[in-house]
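J.: Here you go, sequence then predicted model.
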Amino acid sequence: MVTIFLVLVTAACLLYLIMSDGRNGSCIAEIYQNGRLIRSVPLDRIGEPYTFDVKGENGCVNRIEVRPGSIGIIWADCPDQLCVRQGFADSPTLPVTCLPNRLVIRLVPEDTGFTDAALDAVTY
């Protein structure tokens, strides 16, 4: 009887983790260039999608689109275009990066008091 109970509790926990996919409500998109925070965007407060450009060293440019609940790079002048192919981020599990232009967009849960110091482990 105890074994069945433990199996059901474990299955329920796994199902919750799979369904939540790291999402716990609203997120703030933090945009870094050369390791310096240049902009924060609260994604739950976006009404209409909009775009803006981030210019870096040597004239490099990334065009970022912000949508309600997600953010992504839609155009870049880097040669490999991996940042554009990453698509839109809508959970804190994986940042959007453009290594040639030294740009990183990471999502941070807004209401949880999340900090890197509280992070136990990250696996990709």
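T.: Arrived safely. Residues are numbered from 1 along each chain as shown.
J.: going forward, measure contacts and count neighbours with C-alpha atoms only.
T.: Will do.
J.: Could I get the full set of strands for this structure?
T.: 27-33, 36-42, 50-55, 61-67, 70-76, 88-89, 96-98, 103-109 (DSSP state E).
J.: How about residues contacting stretch 49-63?
T.: Applying C-alpha atoms under 8 Å, 6 or more residues apart in numbering, the external contacts of stretch 49-63 come out as 33, 64-68, 73-78, 101.
J.: can you check stretch 100-114 too?
T.: 23-35, 42, 56-57, 60-62, 78, 89-92, 94-98.
J.: what do you get if the cut-off is 7 Å, keeping everything else the same?
T.: 24, 26-34, 56, 60, 78, 91-92, 95-98 (C-alpha atoms under 7 Å, 6 or more residues apart in numbering).
J.: Got a ChimeraX select line for the buried ones in the residues you listed?
T.: Buried subset of the contacts of stretch 100-114, written as a ChimeraX selection, criterion 16 or more other C-alpha atoms under 10 Å:
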select :26,27,28,29,30,31,32,33,78,91,92,95,96,97,98
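J.: of all the contacts of stretch 49-63, which two lie farthest apart?
T.: Pro68 and Cys78 (26.2 Å; C-alpha to C-alpha).
J.: Out of the strands of the chain, which is closest to Val2?
T.: Of the strands of the chain, nearest to Val2 by C-alpha to C-alpha is strand 103-109, at 36.2 Å.
J.: hey, C-alpha coordinates of that closest one in CSV?
T.: The C-alpha atoms that make up strand 103-109 are tabulated as CSV, following Å, rounded to 0.1, in the frame of the first residue of the first chain:
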residue,chain,number,x,y,z
LEU,A,103,24.6,39.6,-26.6
VAL,A,104,22.7,37.5,-24.1
ILE,A,105,19.0,37.5,-23.3
ARG,A,106,18.0,35.6,-20.2
LEU,A,107,14.6,35.3,-18.6
VAL,A,108,14.3,35.6,-14.8
PRO,A,109,11.1,34.8,-12.9
